[in-house]
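Student: give me a 3D structure for the following:
(one chain, ligands or ions: 2)
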Amino acid sequence: MSIIEKALDKALELEQSSTHKKADQQDFLEKAAKLEAAAPSPEPAVEDAEAKKIHPINWSSLQAKGMLGPEMAYSQLAEEYRLIKRPLLMNAFPDGDNGIDRANLILVTSSVPGEGKTFTAVNLALSIAMERDKTVLLVDADVAKPSIAELLGISAKTGLIDLLQDKTIRFSDILVKTDIPNLTLLPAGKLDKHSTEFLASDAMKRLANELSARYPDRVVIFDSPPLLAASQGSVLATLVGQIVLVIESESTPQYIVQEAISKLESCEVIGCVLNKTKKGFGFRYYGYGYGYGYGSYGQQRAEG
Ligand SMILES: Nc1ncnc2c1ncn2[C@@H]1O[C@H](COP(=O)(O)OP(=O)(O)OP(=O)(O)O)[C@@H](O)[C@H]1O
Ligand SMILES: [Mg+2]
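Tutor: Ligands and ions are numbered 1, 2, ... in the order given. Below you'll find the model as predicted:
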């Protein structure tokens, strides 16, 4: 072999080895790209951690508003909420079939603003969560004026409206676990001018059915807007099995309450809580030292 031939061979060898190197490099880059695509990106990992995080309830904020707290098991308020929750739970978890669809979905509403819906929904949720064998999902469905997360001292960016609006959001991502093991919060989510349409959507109906059916021991409590101030309350009433109508004592006129009840025809079970009474109702704990008396609860099944 001549020197020229040897030089040509060497050049060929070098070229082949560099082609191999290029092919290897290409192969490596492709594999890396595949691995990167398969691996979870850092963002969902953060979201997952957020979803699993336990959010402590700010008891002092609840206490400042005269609401239920861990130390209040024997208080008048706790006793009154036992009276309120008992018939609700009996309907939700009957011995046999009581014919009430989605009875474990409970809507707390009122005729006009400020009668005490949120106060009642949160106290009811706390009271039921204290039952050892029940879990509670508290839904802030007052999507135009959410207040539960703030009241509990929890910061929540996403919630119900985001879930209904964005198919990529998973239900588990927006749930907020609290330090009461049986109590989970579903916040309202972002404000949206189409929130009524979202609450009336098929997605919301599917969610309600799913919430009712998935866990047999779960109660879902919806805090809602007032019936006569927005249409969302009556839309939500079509989704639940039971309604708690909060009436502010000595404030809301009877004809207003009747008008509100006329918007609840879709639901068979309506109970009333007479809220902010100045006196108790002759219960055992009458005169126990609260500035307000709380509800009497009359349950009625609408005729027909
Ligand atoms: N039984 C009660 N005892 C003492 N304070 C109460 C009672 N019920 C409600 N409140 C207070 O009255 C105010 C209005 O109550 P709440 O926010 O629960 O009403 P709401 O019906 O949810 O109002 P909105 O229609 O604005 O959502 C709050 O400051 C709440 O703490
Ligand atoms: Mg409210």
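Student: OK, contacts around residue 112?
Tutor: Listed by CB atoms under 8 Å, 6 or more residues apart in numbering, the contact set of residue 112 reads 226, 228-229, 248, 252, 256. Yep, even glycine has a C-beta here, placed from its N, CA and C like the rest.
Student: closest approach to ligand 2 from the stretch 51-200 of the chain, which residue is it?
Tutor: Ligand 2 sits closest to residue 118 of the stretch 51-200 of the chain, with a gap of 3.3 Å, by CB to the ion.
Student: what does the helix or strand that residue falls within rub up against?
Tutor: For residue 118, the host element (DSSP states H and E) is helix 117-129. If you take CB under 8 Å, 6+ apart as the criterion, helix 117-129 is touched by 62, 65, 67-68, 77-78, 81-82, 84-85, 88-89, 106, 108-110, 134-136, 138, 142, 147-148, 151-152, 180, 182-183, 219, 221-224, 226, 244, 246, 273, 275, 295.
Student: returning to that earlier point: let's see which of the contacts of residue 112 end up in strands.
Tutor: Counting by DSSP state E, the part of the contacts of residue 112 found in strands is residue 248.
Student: and the least confident of the contacts of residue 112?
Tutor: In terms of pLDDT, the lowest of the contacts of residue 112 is residue 229, showing 92.
Student: against ligand 2, how distant is it?
Tutor: Distance, residue 229 to ligand 2, using CB to the ion, to the nearest Å: 11 Å.
Student: renumber starting at 195 from here on
Tutor: Right, with 195 as the first residue, what we last looked at is residue 423.
Student: how many residues are close by that residue?
Tutor: Residue 423 has 14 neighbours, counted by other CB atoms under 10 Å.
Student: show the backbone phi and psi for residue 300.
Tutor: For residue 300, the backbone dihedrals (degrees, to the nearest 10) come out as phi -120, psi 130.
Student: count the residues that sit near residue 421.
Tutor: 26.
Student: same check on residue 453?
Tutor: 13.
Student: what strand or helix carries it?
Tutor: Counting by DSSP H and E, residue 453 is part of helix 448-455.
Student: sketch out the low-pLDDT regions of the stretch 195-344 of the chain for me.
Tutor: 195-246 (pLDDT under 70).
Student: can you give me the helices for it?
Tutor: Ranges of helices within the stretch 195-344 of the chain are 197-232, 236-246, 253-258, 270-286, 311-323, 342-346, based on DSSP state H, counting those that start in this stretch.
Student: can you list the residues of this protein near ligand 1?
Tutor: 259-260, 304, 307-313, 336, 339, 420, 469-470, 486, 488 (CB under 6 Å from any ligand atom).
Student: try it again at 5 Å.
Tutor: For the chain, the contact set with ligand 1 under CB under 5 Å from any ligand atom comprises 259-260, 307-313, 420, 469-470, 486.
Student: those residues, buried ones only, as a ChimeraX selection?
Tutor: Burial among the residues of the chain next to ligand 1 is assessed by 16 or more other CB atoms under 10 Å; the matching ChimeraX selection reads:
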select :309,310,311,312,313,420,469,470,486
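Student: excluding its backbone neighbours, what's nearest the residue nearest in space to the middle of the chain?
Tutor: Centroid-nearest residue in the chain: residue 380, 2.3 Å away (criterion: CA atoms, centre = their mean). Leaving aside its sequence neighbours, residue 380 sits nearest to residue 333 (CB to CB, 6 or more residues apart in numbering; 4.4 Å).
Student: my guess is that neighbour contacts residue 357. True?
Tutor: No: using CB atoms under 8 Å, residue 333 makes no contact with residue 357, being 10.7 Å away.
Student: and these two? Which one has more around it.
Tutor: residue 333 (28 against 21).
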